[in-house]
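Enquirer: here is a sequence together with a model predicted from it:
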Amino acid sequence: MADQCLFCRIASGEIPATIIAQSARCVAFRDINPQAPVHALVIPREHVTSLNTLTDGGLFGEMSLLAAQVAKDAGVAESGWRLVANTGHDGGQSVFHVHVHVLGGRPLRWPPG
Ligand code: AMP
């Protein structure tokens with residue numbers, strides 16, 4: 001755990017969040033500033049800064065499976081949803097603990113901004 005990392009503190013329960021799903025190594029919770037009717041984040045419990053430094057492909061697989069479960073539970077699996085991993089400054093990453101966004105519940109434009 002990185003002491004000052006917001007998402008480490010959410011994963012440990014130190015900072016409250018609306019947890020909607022969990023797996024052995026990952027936690028899913030609602031985004032505090034939703035950009036779509038369904039907007040959740042999936043993070044690993046362990047601190048990894050971004051996809052640039054993630055070396056455990058199995059962990060990314062577990063994040064992806066939990067994201068798909070969140071989409072199913074939210075009822076958007078059939079209508080469609082998007083998995084987003086903002087990475088680095090130009091990618092729009094603002095929290096440097098690797099995470100994926102689960103977005104759905106409305107038609108999503110492409111390309112993103
Ligand atoms: P990114 O910009 O890809 O790094 O995404 C970070 C996301 O974390 C943003 O969508 C924020 O709205 C979200 N966020 C920041 N603080 C919290 C929090 N305390 N609880 C839930 N989501 C948060």
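Expert: That came through fine. Numbers count the residues shown, from 1 in each chain.
Enquirer: touching, Leu103 and Ala36? I think so.
Expert: Yes: contact criterion Cβ atoms under 8 Å: Leu103 and Ala36 qualify, at 4.5 Å. Yep, even glycine has a C-beta here, placed from its N, CA and C like the rest.
Enquirer: the two - which one has more neighbours?
Expert: For Leu103 versus Ala36, neighbours defined as other Cβ atoms under 10 Å are more numerous around Leu103 (23 against 18).
Enquirer: which strand residues bridge the more buried one?
Expert: Here Leu103 sits in beta bridges with His39, Arg82, as judged by DSSP bridges.
Enquirer: what bits of this structure have low per-residue confidence?
Expert: For the chain, no stretch has pLDDT under 70.
Enquirer: who in it is up against the ligand?
Expert: Neighbours of the ligand within the chain, by Cβ under 6 Å from any ligand atom: Leu6, Ala17, Asp31, Ile32, Asn33, Leu41, Asn86, Gly92, Gln93, Ser94, Val95.
Enquirer: which residues in the protein form helices?
Expert: Assigned by DSSP state H, the helices in the chain fall at 6-11, 57-74, 88-91.
Enquirer: coming back round to it: among the residues of the chain next to the ligand, which two are most distant?
Expert: Maximum pairwise distance in those, criterion Cβ to Cβ, is 20.3 Å, between Ala17 and Gly92.
Enquirer: the more surrounded of the two?
Expert: With neighbours defined as other Cβ under 10 Å, Ala17 and Gly92 compare such that Ala17 has more, 19 against 11.
Enquirer: quick check: closest non-adjacent residue to the more buried one.
Expert: Phe29 (4.0 Å; Cβ to Cβ, 6 or more residues apart in numbering).
Enquirer: OK, contacts around the one you found?
Expert: Phe29 makes contact with Ile10, Ala17, Thr18, Ile19, Ile20, Ala40, Leu41, Ile43 under the criterion Cβ atoms under 8 Å, 6 or more residues apart in numbering.
Enquirer: could you check how far the nearest residue to Trp81 once chain neighbours are set aside is from the ligand?
Expert: Setting aside the residues directly before and after it, Trp81 is nearest to Gly104 in space (Cβ to Cβ, 6+ apart), at 3.2 Å. Separation of Gly104 from the ligand (Cβ to the nearest ligand atom, to the nearest Å): 15 Å.
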